[in-house]
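Student: Requesting a structural model of the entry that follows:
(4 chains)
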There are 2 protein chains.
Amino acid sequence: MDTRRSDIIAEELEERIFNGTYPDGDRLDEVRLAKEFGVSRTPLREALQRLARSGLVTLVPRRGAFVSQPGPVELLEMFEVMAELEAVCGRLAAMRISDQALTELHEANQNCQAAVDRQDVDSYYAENERFHHIIYKQSGNSFLASEARALHRRLKPFRRQQLKLRGRMAQSMAEHKAIVDALEQGKPEDAVTALRNHVAIQGEKFHSLMSNLKRRTD
Amino acid sequence: MDTRRSDIIAEELEERIFNGTYPDGDRLDEVRLAKEFGVSRTPLREALQRLARSGLVTLVPRRGAFVSQPGPVELLEMFEVMAELEAVCGRLAAMRISDQALTELHEANQNCQAAVDRQDVDSYYAENERFHHIIYKQSGNSFLASEARALHRRLKPFRRQQLKLRGRMAQSMAEHKAIVDALEQGKPEDAVTALRNHVAIQGEKFHSLMSNLKRRTD
DNA sequence: GTCAATATTTTTGTATACAAGAATTGTGTT
DNA sequence: AACACAATTCTTGTATACAAAAATATTGAC
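Tutor: This next block holds a predicted model:
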């Protein structure tokens, strides 16, 4: 329960940057936004500073706040790091995971499959997130888990795009199975490769998606 | 060159939290600090929000800002993540490192050795930092590099403590050599293990340091 | 007509003022 | 004496006011 207006505003602005309302490089005018949200500049500035910390906007002194969407190169870099973070989580989780978490993992996976059968992208997305969050937590390293969650969240809008690619959801399910198997059998290195590939492939898919998009605009 | 006062204040407060001027849980009074720095509350609040993003203080709504030093458990978790980040940097760098960077690495290492011979802790620390930063950069992934730098910086005050441990600097030098060898020969997995151990051992050293400290206060 | 220098406007950074919630103190009751 | 409730004080959150720097427009010279 955030009582501060700046928190609510920060979330709203974050949402708008994610869904593309504000394009890359766009300047976020303090007074205009303050009027729009019906607040003074003070809470709005605090919200902008928060976004700057997350890397969503860059604050140029005496110039203002500018939206900074990650470019293709930066995105691939972020996916690479995400792949490694997940791999580490998997390696630790393979040694530390609880029985209860394993059943929860199976449960999330079954819900994923059901969503695939129903062609329900939203539901698939939610269960997939749950799946990964369980692994983060089961790493037994809460700092690692929170870092993983943060990057996962940051990449959310870009992962979502490629879920629409033909056959991606089915392929993803197969990868999930390999991950669960590795964790169940307590094989750290298997979990590492399974998770690393699972995420890395997303980066590659995204890459092909980007080049397709580019070719279309030629 | 930061023109904004809030930046300067944030740095100063960060320094004070690092060097223990403000103990854990201490409340940072806005008006008192504002008077002390000779500014109004506005830039000071912005500085506090910045520190909150870095995790150095926690902002409780309507209650204020409280220093939150990481506890022993959290620190070990952070060292574990640092070890993995460095390992990933090393793996990528082993494949991508340039000849020039390799010579720079040798150079930094020689300067390290010279500092050890002179028993010059400060100088050792600076060159050691340079050594690691080169590896981060040579990962060829600038997002990864900046994440590694951020965590490295955050752990700085805790790493520093254990440099004073007897024989640690000499041991560290041997580990550096193993790292450089792996990078030079382009062996990713060797670089991974060398770097992971190099950092992980810092976490363990810190752990023993902590328990010694605890025993003394019993 | 173009370029440069200056004046004006706009916008950010900071200070101050005000409002609302939390902590504290004091008083009254049991 | 102890507890509860109310009034006061203190502190945070927000709005407004002001100052300084950057952007823009205007005027003048060539």
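Student: Strands of chain A, residue ranges please.
Tutor: Taking DSSP state E, the strands of chain A run over residues A:27-28, A:57-60, A:64-67.
Student: hmm, the shortest one in reach of DNA strand D?
Tutor: No: counting by C-beta under 7 Å from any atom of the strand, no contacts exist between strand A:27-28 and DNA strand D, the nearest distance being 10.2 Å. C-beta here means a position set from N, CA and C on the backbone, and glycine is covered the same way.
Student: That strand packs against which elements?
Tutor: With contacts taken as 3 or more C-beta pairs under 8 Å, 6 or more residues apart in numbering or on different chains; DSSP states H and E, strand A:27-28 sits against strand A:64-67.
Student: As TSV, the strands of chain A with distance to A:Asp122 would be great.
Tutor: Below are those laid out as TSV (distance: least, C-beta to C-beta, whole Å):
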stretch	distance to A:Asp122
strand A:27-28	29
strand A:57-60	28
strand A:64-67	26
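Student: now, of the ones you listed, which is deepest in the fold?
Tutor: Among these, ranked by average contacts under mean count of other C-beta atoms under 10 Å in any protein chain shown, first place goes to strand A:64-67 (a mean of 18).
Student: Tell me the gap between that strand and the middle of its chain.
Tutor: Strand A:64-67 sits 23 Å away from the centroid of its parent chain (C-alpha atoms, centre = their mean, to the nearest Å).
Student: Only the C-alpha atoms, please, for stretch A:7-17, written as CSV.
Tutor: Extracted in CSV, the C-alpha atoms of stretch A:7-17 (Å, rounded to 0.1, in the frame of the first residue of the first chain):
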residue,chain,number,x,y,z
ASP,A,7,5.0,5.8,-6.2
ILE,A,8,1.7,5.7,-8.1
ILE,A,9,3.0,8.1,-10.7
ALA,A,10,6.2,6.2,-11.1
GLU,A,11,4.3,3.0,-11.8
GLU,A,12,2.0,4.7,-14.3
LEU,A,13,4.9,6.2,-16.1
GLU,A,14,6.7,2.9,-16.1
GLU,A,15,3.7,1.3,-17.6
ARG,A,16,3.5,3.9,-20.4
ILE,A,17,7.1,3.5,-21.2
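Student: Show residues contacting that stretch.
Tutor: Here stretch A:7-17 makes contact (C-beta atoms under 8 Å, 6 or more residues apart in numbering or on different chains) with A:2, A:22, A:28, A:33, A:37, A:39, A:43-44, A:46-48, A:50-51, A:54, A:56-57, A:67, A:69.
Student: for it, which positions count as buried?
Tutor: For stretch A:7-17, a neighbour-count test (16 or more other C-beta atoms under 10 Å in any protein chain shown) marks A:7, A:9-10, A:13-14, A:17 as buried.
Student: Ok, stretch A:21-30 next?
Tutor: Residues of stretch A:21-30 classed as buried: A:22, A:26, A:28, A:30 (neighbour count, 16+ other C-beta under 10 Å).
Student: and the end-to-end length of that stretch?
Tutor: End-to-end span of stretch A:21-30 (C-alpha to C-alpha, to the nearest Å): 16 Å.
Student: Just the residues contacting that stretch, thanks.
Tutor: Counting by C-beta under 8 Å, 6+ apart, A:13, A:16, A:41, A:44-45, A:48, A:57, A:64-69, A:71 sit against stretch A:21-30.
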